[in-house]
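Engineer: show me the folded form of this:
(one chain, ligands or ions: 3)
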Amino acid sequence: AFLENIITNPKFHDNTYTTRFIDETPELFDQVRRRDRATKLLTYIADVTVNGHPETRNRPAPPAHARKPQAPVYKTEIQKGTRDLLKELGPKKFADWMRAEKRTLITDTTMRDGHQSALATRIRTHDIVGIADAYARGLPGLFSLECWGGATFDVSMRFLTEDPWERLHLVRDKAPNILLQALVRGANGVGYMSYPDSAVEFFIKEAAANGVDLFRVFDCLNWVESMRVSIDAILETGKLCEGAICYTGDMLDPARSKYDLKYYLDLAKQLEAAGCHILCIKDMGGLMKPNAAKVLFKALREQTDLPLHFHTHDTSGISAASVLAAVEAGVDAVDAAMDGLSGLTSQPSLGSLVAALERTEYATGLDQKVTRDISVYWETVRQQYAAFESDLKGPAAEVYLHEMPGGQFTNLKEQARSLGLDGRWHEVAETYAAVNKMFGDIVKVTPSSKVVGDMALMMVSSGLTVADVEDPKRDVAFPDSVVMLFRGELGQPPGGWPKELQKKILKGEAPVTERPGKMLPPVDLDAIKKDLSGKPGVEGPTGTEIASYLMYPKVFTDYAALADIYGPTSALPTPVYFYGLPEEQEISVEIEQGKSLVIRCQAIGRTDEDGMVRVFFELNGQPRMVKVPDRA
Ligand SMILES: N[C@@H](CCCCNC(=O)CCCC[C@@H]1SC[C@@H]2NC(=O)N[C@@H]21)C(=O)O
Ligand SMILES: N[C@@H](CCCCNC(=O)CCCC[C@@H]1SC[C@@H]2NC(=O)N[C@@H]21)C(=O)O
Ligand SMILES: [Zn+2]
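Structural biologist: Ligands and ions are numbered 1, 2, ... in the order given. Reported below is the predicted structural model:
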């Protein structure tokens with residue numbers, strides 16, 4: 001009881017309290033400090049049962065009839081797949097193999113862009129890893145699993161209290177035969193800002209060493225100069241480097257001549273010259289129309305012999321038609337999401353594309369019973385994430401006006417709602433388009449899209465028009481992200497920033513025209529190791545911990561401190577992670593391969609005079625009690 005008291009006292013995690021405790025009772029301290037993972041997990045379950053989770057509080061709850069997701073179990077051996085091929089052939093010959101394949105190669109984006117676009121990136125490692133074995137055995141012919149990078153890196157630590165590297169390791173173990181694909185933002189790594197080149201290099205090397213086989217690299221302004229930081233680091237790792245060109249505007253519209261066919265063909269030449277093994281047209285807004293796809297991919301096919309990969313979103317409802325047009329025009333690989341997480345701001349439906357290509361020369365060869373089974377799994381998983389559903393009910397051709405990337409659309413709608421602008425969404429969309437024009441008609445994808453969003457929300461909520469903003473006599477408080485953008489901290493658009501506006505925003509400060517990462521002081525790994533060692537929840541610090549810290553110092557140390565208190569929460573089933581364990585319910589938690597805990601909630605006490613609540617469990621048959629604060 002004495003020990004339990006110490007453990008569950010909220011002051012336990014405040015170092016001064018613990019230090020005094022060590023001085024007074026060193027022999028006891030070991031027993032307390034060694035708090036095993038089970039005790040930590042019970043602390044988490046008690047806390048979330050009593051207090052809920054910040055992410056799901058006051059949000060729609062899963063339907064009462066929601067069932068436990070059951071991954072299909074396939075008895076077939078794990079056959080050789082694209083990862084085995086890459087190991088055999090090396091990246092260059094692998095790219096030749098792609099070009100020789102007649103069938104259309106399919107990338108499944110469900111584990112990354114699918115839920116980033118449909119559910120604000122909130123799907124947890126537990127649900128992602130749960131289906132990996134089925135992919136490995138049931139879809140060995142899949143080209144790649146896009147399962148890492150992009151916003152998943154940030155969200156897993158910041159909102160889901162789990163380690164993105166653990167997710168990568170577990171998917172790697174369960175699906176050893178299929179290429180694991182990650183999205184990286186050129187000189188921004190997986191962050192929203194520019195980093196010193198050495199930080200990006202360190203991150204890429206760590207990601208390659210921990211399981212990423214194919215890196216898709218893009219820059220938020222299509223500035224190849226910035227992309228080279230990642231490209232060069234990836235080429236050194238021997239992994240596949242896919243250079244992505246972000247598609248924007250409307251290629252065949254004479255009014256959008258800035259982004260015409262020549263613009264894209266020139267960028268493709270630059271990326272080929274930079275050494276990319278594969279070229280990707282990354283249509284993050286779903287702006288590609290079937291006619292443009294036909295013209296663009298035909299022209300690219302004639303210009304280069306590199307394999308071509310097409311990524312789009314279904315916001316307008318036309319994306320499957322664009323994908324089929326691209327296939328006819330010679331594209332080698334296309335992205336799709338499993339039906340249950342496809343459509344609208346996500347990718348087009350994988351099952352439907354496979355069926356549409358059946359009995360054509362481009363047939364994918366994927367087993368449609370398996371794609372149906374796996375889609376049913378994702379549908380069931382999705383029920384647990386009701387808290388993160390957007391209110392978008394149908395396709396929106398409005399996307400051709402605002403050109404927002406799929407992943408941002410739902411997030412910006414949320415942000416507008418929280419600012420009390422929900423009745424004015426179409427005004428936000430119009431203003432977003434006006435801001436894009438005011439900024440010189442730029443590529444809009446994380447992080448440049450975030451800046452346009454910040455400006456649009458600021459203008460709508462403070463009733464500012466473009467004329468007001470551009471008026472040299474009118475004082476405007478520009479969001480920090482806008483100042484950063486015009487200072488050049490996210491790179492340079494072709495032709496630079498609109499001069500007048502830049503002058504007004506920078507108030508005479510000189511802009512940066514070089515690549516920011518080149519000017520930033522290189523990372524000091526020794527200083528970081530010293531800074532990190534001893535922080536709660538930090539092991540070594542290991543290479544992956546340093547890589548996380550380089551990208552997100554505060555988000556990482558906050559995450560590590562929570563992991564130190566709550567243990568391996570990623571192993572918990574999603575209903576328990578977000579909503580707790582009701583009395584009389586029992587779960588089995590596999591905290592590592594072959595080691596499971598059986599946890600049963602017996603009773604939840606009342607809040608005592610110290611504002612603490614006792615929660616009684618049975619852990620593998622043994623009675624256990626933990627006390628947690630009532631945070632009401
Ligand atoms: N706004 C911050 C990020 C913080 C967002 C909310 N944080 C989390 O979702 C992770 C912390 C979980 C706290 C646990 S959940 C169970 C229990 N219930 C609680 O109320 N607290 C604990 C940013 O943008 O960085
Ligand atoms: N997480 C925020 C974004 C935070 C953005 C902070 N941005 C930077 O630190 C950019 C780094 C480049 C700084 C440039 S380089 C040339 C000049 N010299 C300097 O010392 N600094 C500038 C979000 O969510 O938006
Ligand atoms: Zn996307």
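
Engineer: kindly report the residues of the stretch 101-250 of the chain close to ligand 2.
Structural biologist: With the criterion set to Cβ under 6 Å from any ligand atom, the stretch 101-250 of the chain comes near ligand 2 through 192-194. For every residue, glycine as well, the C-beta is placed using N, CA and C.

Engineer: which residues in the stretch 151-300 of the chain form helices?
Structural biologist: With DSSP state H, counting those that start in this stretch, the ranges of helices along the stretch 151-300 of the chain come out as 152-158, 164-174, 197-209, 224-237, 261-273, 290-303.

Engineer: got a list of contacts for the last one?
Structural biologist: Going back to what we said before, that points to helix 290-303. For helix 290-303, contacts defined as Cβ atoms under 8 Å, 6 or more residues apart in numbering pick out 250-252, 261, 264-265, 268-269, 279, 281, 288, 308, 310, 318, 321-326, 328-331.

Engineer: likewise for stretch 276-283?
Structural biologist: Residues contacting stretch 276-283 (Cβ under 8 Å, 6+ apart): 91-92, 94-95, 98, 214, 216-218, 231, 240-247, 264, 268, 271-272, 288, 296-297, 300, 304, 306-313, 322, 326, 333, 445.

Engineer: which residue would be the closest one in the stretch 301-450 of the chain to ligand 1?
Structural biologist: Using Cβ to the nearest ligand atom, the single residue of the stretch 301-450 of the chain nearest to ligand 1 is Ala387, 11.5 Å away.

Engineer: state the number of residues packed around that residue.
Structural biologist: The tally of other residues near Ala387 (other Cβ atoms under 10 Å) stands at 19.

Engineer: now swap in Asp305 and tell me
Structural biologist: Asp305: 11 neighbours (other Cβ under 10 Å).

Engineer: which phi and psi does Val628 have?
Structural biologist: Note on Val628: its backbone torsions stand at phi -130, psi 160 [degrees, to the nearest 10].

Engineer: does it touch Ala46 like I think?
Structural biologist: Yes. Contact criterion Cβ atoms under 8 Å: Val628 and Ala46 qualify, at 4.5 Å.

Engineer: these two: who's more crowded?
Structural biologist: Ala46 (25 against 22).

Engineer: which SSE is immediately downstream of the helix or strand harbouring Ile128?
Structural biologist: Using DSSP states H and E, Ile128 sits within helix 125-129. Using DSSP H and E, the helix or strand that follows helix 125-129 in sequence is helix 132-138.

Engineer: ok, and what's touching the longest strand that the chain contains?
Structural biologist: If you go by DSSP state E, the chain has its longest strand at strand 595-607. Strand 595-607 is contacted from outside by 38, 41-42, 45-46, 49-50, 581-591, 613-621, 623, 630, 632, using Cβ under 8 Å, 6+ apart.

Engineer: flag every buried residue along the helix with the most length in the chain.
Structural biologist: Of all the segments of type helix in the chain, defined by DSSP state H, the longest one is helix 82-100. Neighbour counts over helix 82-100 (16 or more other Cβ atoms under 10 Å) mark 82-86, 91, 94-95, 97-98 as buried.

Engineer: next structured bit after the worst-scoring helix or strand of the chain on mean pLDDT?
Structural biologist: Using mean pLDDT, DSSP states H and E, helix 26-33 stands out as the lowest-scoring helix or strand of the chain, at a mean of 49. Next along the chain after helix 26-33, taking DSSP H and E as the criterion, comes helix 37-51.

Engineer: so that next one versus strand 595-607, what angle?
Structural biologist: 40 degrees (axes from the mean of the first three to the mean of the last three Cα atoms, to 10 degrees).

Engineer: which helices and strands does helix 37-51 pack with?
Structural biologist: Applying 3 or more Cβ pairs under 8 Å, 6 or more residues apart in numbering; DSSP states H and E, one finds that helix 37-51 contacts helix 2-8, helix 553-566, helix 574-579, strand 586-592, strand 595-607, strand 612-619, strand 622-629.

Engineer: isn't Glu590 right up against Leu572?
Structural biologist: No. Shown here, Glu590 and Leu572 do not form a contact pair, counting by Cβ under 8 Å, at 10.2 Å.

Engineer: the two: which has the busier surroundings?
Structural biologist: Taking other Cβ under 10 Å, Glu590 and Leu572 do not tie; Leu572 has more neighbours (25 against 12).

Engineer: what's around the nearest residue to Tyr247 once chain neighbours are set aside, how many residues?
Structural biologist: The shortest distance from Tyr247 to any non-neighbouring residue, by Cβ to Cβ, 6 or more residues apart in numbering, is to Asp283 (4.2 Å). A count of nearby residues for Asp283, using other Cβ under 10 Å, gives 28.

Engineer: ok, what's across the strand from Asp283?
Structural biologist: On the basis of DSSP bridges, Asp283 is bridged to Thr312.

Engineer: what's the pLDDT at the residue of the stretch 251-400 of the chain found nearest ligand 3?
Structural biologist: Closest to ligand 3 within the stretch 251-400 of the chain is Met284: 4.7 Å, counting by Cβ to the ion. As predicted, Met284 sits at a pLDDT of 97.

Engineer: that one: what's it in contact with?
Structural biologist: 246-247, 311, 313, 405-407, 445, 449.

Engineer: and the buried ones among these, selectable in ChimeraX?
Structural biologist: Of these, the buried ones can be selected in ChimeraX as follows, counting by 16+ other Cβ under 10 Å:
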select :246,247,311,313,405,406,407,445,449
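
Engineer: out of the contacts of Met284, name the ones that lie in strands.
Structural biologist: 246, 311.

Engineer: now the residue of the stretch 501-632 of the chain found nearest ligand 3: closest residue in space that isn't a chain neighbour?
Structural biologist: With Cβ to the ion, the shortest gap between the stretch 501-632 of the chain and ligand 3 falls at Met551, namely 19.7 Å. In space, Met551 comes closest to Gly191 once its chain neighbours are excluded; the distance is 5.0 Å by Cβ to Cβ, 6+ apart.

Engineer: the one you found reaches Phe203, doesn't it?
Structural biologist: No. Look at Gly191 against Phe203 with Cβ under 8 Å: they stay out of range, at 9.1 Å.

Engineer: neighbour count winner among these two?
Structural biologist: More neighbours surround Phe203 than the other of Gly191 and Phe203, with 24 against 21 (other Cβ under 10 Å).

Engineer: quick check: the more buried one touching Met551?
Structural biologist: Yes. In this structure, Phe203 is within contact of Met551 by Cβ under 8 Å, at 6.2 Å.

Engineer: which neighbours do those two share?
Structural biologist: Counting by Cβ under 8 Å, 6+ apart, the contacts common to Phe203 and Met551 are 189-190.

Engineer: show the pLDDT at Thr25.
Structural biologist: Thr25 is given a pLDDT of 57.

Engineer: same question for Thr371.
Structural biologist: pLDDT for Thr371: 98.

Engineer: what does Asp36 give?
Structural biologist: pLDDT, Asp36: 89.

Engineer: Val452 contacts Tyr432, correct?
Structural biologist: Yes. Counting by Cβ under 8 Å, Val452 touches Tyr432, with 6.0 Å between them.
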